[in-house]
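okay, predicted coordinates and the sequence, questions at the end:
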Amino acid sequence: MATTKKSPGKGLAAEVTPSSDLATIVGSKPIPRSEVTKKVWDYIKANGLQDKTNKRMINADDKLLKIFNGKKQVSMFEMTALVSKHLKA
């Protein structure tokens, strides 16, 4: 009986290299895409950047402004798309 093993390097497990702007938040070493998202969320929570009244909105600090194309506030969903533009496969 053959067992199929999910090969690393696909989807969320794929290692990506962050841009220099994103590296200030998640580090510069290649890491899985899922880990990038986790580290960005850790950063947002550690710095109190989640909007107090609307938890789906993220307020940018100086580091995140570079990731968010200069926008002061983005939604969680928009944030994911903006972060992915700072990743190289």
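Received it, and whenever you're ready, just let me know what you need.

what's the following helix or strand after the longest helix that the chain contains?
Criterion DSSP state H: the longest helix present in the chain is helix 33-46. Downstream of helix 33-46, the next assigned helix or strand under DSSP states H and E is strand 57-59.

packing partners for that following strand?
strand 73-75, helix 76-84 (3 or more CB pairs under 8 Å, 6 or more residues apart in numbering; DSSP states H and E). (Each C-beta comes from the backbone N, C-alpha and C, glycine too.)

pLDDT score for the residue positioned nearest the centre of the chain?
The centroid of the chain falls nearest to Thr37 when counting by CA atoms, centre = their mean (3.7 Å). Listed pLDDT for Thr37 reads 93.

kindly report the same for Asn54.
At Asn54, pLDDT is 97.

count of residues packed around Glu78?
If you count neighbours by other CB atoms under 10 Å, Glu78 ends up with 16.

from Thr17, how far out is it?
22 Å (CB to CB, to the nearest Å).

for the nearest residue in space to Ala13 that is not next to it in sequence, list the residues it contacts.
Among residues not flanking Ala13 along the chain, Pro32 sits closest, at 5.2 Å (CB to CB, 6 or more residues apart in numbering). By CB atoms under 8 Å, 6 or more residues apart in numbering, the contact set of Pro32 is 12-16.
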